[in-house]
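In: Predicted coordinates and the sequence they were generated for:
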Amino acid sequence: MAENQCVNPKAFFGELKRRNVYKVAIAYAVVGWLLIQIATQVFPFFEIPNWGIRLVVLIIALGFPIALIIAWAFELTPEGLKRTEEAERGAIKPSRKKAWIYVVAVAGAISIAVFFIGRYTAPKQAAGIVGSEKSIAVLPFENLSEDKANEYFAEGIQEEILTRLSKIADLKVISRTSTQRYKTAPGNLREVAQQLGVANILEGGVQKAADQVRVNVQLINANTDAHLWAETYDRNLTDIFQVESEIAKTIADKLQAKLTGSEERAISSRPTENPVAHQLYLKGRYFWNKRTGDDAKKAVEYFNQAIAADPKYALAYAGLADAYIIQPAFGAGFPRECYPKAMSAAKTALELDETLAEAHTSRAGVLLNYEFDFPQSLAEFQRAIQLNPNYATAHHWYGIGFLVSLGRFDEAIAELNWALELDPLSLIINADLGSTYLIARRYDEAIEQFRRTIEMDPGFYYTHFHLGEALECKGNLNAAVAEYEKARQLNDDPRVLGRLGHAYAVAGRTDEALKIFNQLREESKNRYVRDYDFALIELALGNQDQAIRWLEEGYEQHDGGPRTTFIKVDPFLDSLRGNPRFEALANKIVPANVK
């Protein structure tokens, strides 16, 4: 009895075929795909949100089993839709067995055509416009408050919105250092968009009075000058994070950017519940972005005040780490004092919020340049970039620090070029791309890149300094000295003086080289002077053992900086290669098993 109740698979599949279920399944799949292709190509044109496309896909998916059930139970006849049993008892159907094949073929051809039109015409259209449609620059917000001291607050709102947007992997977001050049209202937005490599611009203004804030924003497509969206928010100061989150979400929706669950949570987060702490943090970032020694010290003060107001404010600790990291670079502190403080602050930030890309990047920098821990530094850089692919500094430091140190120049150049995509007007990233070419011995490309950077800002001493290095490596010593002297006139950075002393020694101007050497010894009593700078002068004077001693001392005292980790690739140290003592030191700093 049970045997008779078993379903015969062959008979079952034969019944599916007889009832045209196979035909309906194939036709439904082809037509469904056609509808999805049309939705993905047409909906964005009419600015229909992404959820509209998802709704179409969901309806088609849910309709599939329903279509199969209807195909099993019913038959389409000249008299209309009838149950299969009734249709079979009626007249014999006209023979149109192949009609469904033509329907499927036509629908399939249209689907393929729509797919390829969308796939291959979009890039051609994009070639004639500015940037990807999913790219944006947030220009500096105008301070509309009567109190001009509230400028830091307007800048802080801009930075917070930019930070939230940068956490969306599907968007290309330009870094603040590039957008700050447009602090005064730009006249030609299309021109600005071309310079920044984006299709969309967000402008805004902020008015703050006591605990009331008004924020107005407008999103503009620079290619068409169309206003995609505008809004004014009148809120209490305590609601400012919600406003920033709403703005970021609306922009993502308008630009058809896909948001993951973690990204939605990231842009909705409230970094602190304390508005006073937040304002102190914004003041810290305001001074940190000025990039001078005195301003770096002011930034430390404000970040510490923010932490005192809210000891669980992770971003404030990340800001403190960043402020300590830049102090040695601008002569405001010694690495042995600043780097441990930076590491401590970054560690606390990550204990409070493990998802802060800024803190992971800061920690990576300290691990690389102060502790010479390549594996852990790599892990931190990778984590930072995973958390925030739009964080230009992570790509920048990973390229010029980690990858260059290991001689992986093509990868380093790729990272720096991507950093420039995110921050195209950054002087330091542009200059460090030139430095990467320099270390890679691609001197002509280095010189060209440095000169392009000088055109952006002739007063940036850092570029003149490194252009001098490239010219010296190329063999043009007189031109190199001229660039070092220009850099010296612009800034009293001891590194410039050290390179000038090295060039004088190479040129045989020994007395002048020794004078600079002694001057640096005197300066080192009161400010940070790299041991590497002393080593280069000794090397040019022919004192190899003394040069190696300076390098060894720098390593032992953790005299942090990229030049220390560049020991295996630095062209200025080529005359020491093969020296057993030097090679032993190089392998201590960059172990042979690190690739």
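Out: Yep, it's here.

In: Mind checking what secondary structure A364 has?
Out: Following DSSP: H, G, I helix; E, B strand; the rest coil, the label given to A364 is helix.

In: how near is the residue nearest in space to the middle of the chain to A321?
Out: Central residue of the chain (C-alpha atoms, centre = their mean): N390, 2.3 Å from the mean position. To A321, N390 is 20 Å away according to C-beta to C-beta, to the nearest Å. For every residue, glycine as well, the C-beta is placed using N, CA and C.

In: And for E523?
Out: Separation of E523 from A321 (C-beta to C-beta): 27 Å.

In: Compare neighbour counts for the two and give me the winner.
Out: Between E523 and A321, counted using other C-beta atoms under 10 Å, the more crowded position is A321 (30 against 15).

In: Check which helix or strand the more buried one maps to.
Out: The secondary structure element spanning A321 is helix 314-326 (assigned by DSSP states H and E).

In: Report the distance from that helix to the chain centre.
Out: How far helix 314-326 lies from its chain's middle: 18 Å, per C-alpha atoms, centre = their mean, to the nearest Å.

In: go on, stretch 60-74?
Out: When distances are taken as C-alpha atoms, centre = their mean, stretch 60-74 is centred 47 Å away from the chain's centroid.

In: quick check: mean pLDDT across stretch 543-553?
Out: The average pLDDT for stretch 543-553 rounds to 96.

In: export that stretch as CSV, just CAs?
Out: Extracted in CSV, the C-alpha atoms of stretch 543-553 (Å, rounded to 0.1, in the frame of the first residue of the first chain):
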residue,chain,number,x,y,z
ASN,A,543,83.6,59.3,8.2
GLN,A,544,81.7,56.0,7.7
ASP,A,545,82.2,54.7,11.2
GLN,A,546,81.0,57.9,12.8
ALA,A,547,78.0,57.9,10.4
ILE,A,548,77.0,54.4,11.4
ARG,A,549,77.5,55.3,15.1
TRP,A,550,74.9,58.1,14.7
LEU,A,551,72.5,55.7,13.0
GLU,A,552,72.9,53.1,15.7
GLU,A,553,72.3,55.8,18.4
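
In: Show residues contacting it.
Out: 531-532, 534-536, 538-539, 559, 567, 575-576, 579, 581-582, 585 (C-beta atoms under 8 Å, 6 or more residues apart in numbering).

In: in that stretch, what counts as buried?
Out: Residues of stretch 543-553 classed as buried: Q544, A547, I548, R549, W550, L551, E552 (neighbour count, 16 or more other C-beta atoms under 10 Å).

In: Can you lay out those residues as JSON lines showing secondary structure and distance to G331?
Out: As requested, the buried residues of stretch 543-553 are arranged in JSON lines below (DSSP: H, G, I helix; E, B strand; the rest coil; distance: C-beta to C-beta, whole Å):
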{"residue": "Q544", "secondary structure": "helix", "distance to G331": "29"}
{"residue": "A547", "secondary structure": "helix", "distance to G331": "24"}
{"residue": "I548", "secondary structure": "helix", "distance to G331": "26"}
{"residue": "R549", "secondary structure": "helix", "distance to G331": "24"}
{"residue": "W550", "secondary structure": "helix", "distance to G331": "20"}
{"residue": "L551", "secondary structure": "helix", "distance to G331": "21"}
{"residue": "E552", "secondary structure": "helix", "distance to G331": "24"}
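
In: Number of residues surrounding G475?
Out: 9.

In: what pLDDT does it get?
Out: Here, the pLDDT recorded for G475 equals 94.

In: which residues does the residue nearest to the centre of the chain contact?
Out: Contacts of N390 (C-beta under 8 Å, 6+ apart): L165, S166, K167, I168, A169, L171, K172, V173, S175, L422.

In: likewise A209?
Out: S145, E146.

In: Name the nearest residue to R499, sequence neighbours excluded.
Out: In space, and not counting its chain neighbours, R499 is closest to Y484: 5.4 Å by C-beta to C-beta, 6 or more residues apart in numbering.

In: Pretty sure that neighbour sits in a helix.
Out: Yes - remark: Y484 belongs to a helix, assigned using three-state DSSP.

In: And it, how close does it get to E231?
Out: Distance from Y484 to E231, counting by C-beta to C-beta: 52 Å.

In: More neighbours: which of the two?
Out: Counting neighbours by other C-beta under 10 Å for Y484 and for E231 shows that Y484 has the greater number, 27 against 14.

In: Wait, the more buried one touches G498, no?
Out: No - between Y484 and G498 there is no contact under C-beta atoms under 8 Å: 9.6 Å.

In: Neighbours of K595, how many?
Out: K595 has 8 nearby residues by other C-beta under 10 Å.

In: Same question for I201.
Out: Neighbour number of I201 under other C-beta under 10 Å is 25.

In: now L573
Out: Neighbourhood size, L573 [other C-beta under 10 Å]: 22.

In: mind checking pLDDT for W51?
Out: At W51, pLDDT is 63.

In: For the remainder of this discussion, apply numbering that starts at 465.
Out: Okay, using 465 as the starting number, the last item reads as W515.

In: residues touching the residue nearest to D817 when sequence neighbours are not counted, list them.
Out: Using C-beta to C-beta, 6+ apart and skipping residues adjacent in sequence, the residue nearest D817 is A778, 3.8 Å away. Taking C-beta under 8 Å, 6+ apart as the criterion, A778 is in contact with P735, T812, A813, L814, L816, D817, L820, A823.

In: State the helix or strand in which the first one lies.
Out: With secondary structure defined by DSSP H and E, P735 is part of neither a helix nor a strand.

In: In the stretch 615-764 of the chain, where is pLDDT below threshold?
Out: Along the stretch 615-764 of the chain, the parts satisfying pLDDT under 70 run over 648-651, 755-756.

In: residue boundaries of the strands in it?
Out: For the stretch 615-764 of the chain, strands defined by DSSP state E, counting those that start in this stretch occupy the ranges 636-637, 664-673, 676-685, 690-700.

In: For G620, which of those strands is the nearest?
Out: For the strands of the stretch 615-764 of the chain, proximity to G620 was assessed by C-beta to C-beta; strand 664-673 is nearest, at 8.7 Å.

In: Run the angle between that closest one and strand 690-700 for me.
Out: Going by axes from the mean of the first three to the mean of the last three C-alpha atoms, to 10 degrees, strand 664-673 is angled at 20 degrees with respect to strand 690-700.

In: hey, C-alpha coordinates of strand 664-673 in PDB?
Out: The C-alpha atoms that make up strand 664-673 are tabulated as PDB, following Å, rounded to 0.1, in the frame of the first residue of the first chain:
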ATOM      1  CA  ASN A 664      28.700  66.700  -6.300                       C
ATOM      2  CA  ILE A 665      29.300  69.500  -3.900                       C
ATOM      3  CA  LEU A 666      27.700  70.100  -0.500                       C
ATOM      4  CA  GLU A 667      27.600  73.700   0.700                       C
ATOM      5  CA  GLY A 668      26.300  75.000   4.000                       C
ATOM      6  CA  GLY A 669      26.200  77.600   6.700                       C
ATOM      7  CA  VAL A 670      26.000  77.500  10.500                       C
ATOM      8  CA  GLN A 671      24.500  80.000  12.900                       C
ATOM      9  CA  LYS A 672      25.000  79.400  16.700                       C
ATOM     10  CA  ALA A 673      23.400  81.500  19.500                       C
END
